[in-house]
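K.L.:
Compute the structure for the input listed below.
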Amino acid sequence: ALIPAPLEEVTWQTVTEALLTHRAIEVTYLSRSSEKERFFTLHPQGLVSRHSVTYLVATVNDYTDLRQFALHRIRHAQLSETAWNEKSDFDLDAYIQGGAFGYRQSQKTITLSVNVAPQVAWLLTETPLSTEQSLTPLPDSRWQHLEAQVPDDQQTLWWLMAMGANVQVLAPADWRDDIVDTARQVIAQHHTPEKLLSTS
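P.N.:
Residues are numbered from 1 along each chain as shown. Got it, this is the predicted structure:
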């Protein structure tokens, strides 16, 4: 786990007060893409802690679509006199389960088929990858076969990559190919570190 990004106490207080009292807030926000500060009127709808970062889910100005704002990138926040815009049909749990924080590549659910090492099987027994998963012992081996219904998102793919040699992905084929290509790039970079430094 990464060390959480530093967060100003006054920012936390302002955002949580706005959420609890249904108030809009005026913020100065550091955009990661442009690396410039921008000014918004935000209408807070929820807070989500994801790993080492806390995000404010909010609508912006007079728009109705939801966006995510990392709290540590808010440089200044104050309660606004602008009327708060409510999204009456908004459900934070459904929003998360719909893949809002999972970098979805499509809206479909896919069948993941993987052989996993004993330690990974143990981990998935305690903390399942999916509500629809099965683990089956492989013949003459301590490994097990995992089958699970998972979202088509990059987060699950990154998790598989992090497992390294402890997993053998069988399907989907494009995920297996991505993992193999990434492994080849990692090997190439570590075999020629001086070339990598010279081009950076």
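
K.L.:
quick one: Val27 is in a strand?
P.N.:
Yes: the assignment for Val27 by DSSP: H, G, I helix; E, B strand; the rest coil puts it in a strand.

K.L.:
who touches it in this structure?
P.N.:
For Val27, the contacting residues are Phe39, Phe40, Thr41, Leu42, Phe69, Ile74, Arg75, His76, Ala77, taking Cβ atoms under 8 Å, 6 or more residues apart in numbering as the criterion. Yep, even glycine has a C-beta here, placed from its N, CA and C like the rest.

K.L.:
Now with 7 Å, please.
P.N.:
Counting by Cβ atoms under 7 Å, 6 or more residues apart in numbering, Val27 touches Phe40, Leu42, Ile74, His76, Ala77.

K.L.:
low-scoring stretches of this protein, by residue?
P.N.:
Within the chain, the ranges that satisfy pLDDT under 70 run 1, 98-107, 193-200.

K.L.:
Could I get the full set of helices for it?
P.N.:
With helices called from DSSP state H, the chain shows them at 9-21, 92-97, 118-126, 154-163, 173-191, 193-198.

K.L.:
Please render those helices as CSV that adds mean neighbour count to the earlier fields.
P.N.:
Shown next, in CSV, are the helices of the chain (neighbours: other Cβ atoms under 10 Å):
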stretch, mean neighbour count
helix 9-21, 15
helix 92-97, 12
helix 118-126, 14
helix 154-163, 16
helix 173-191, 12
helix 193-198, 9
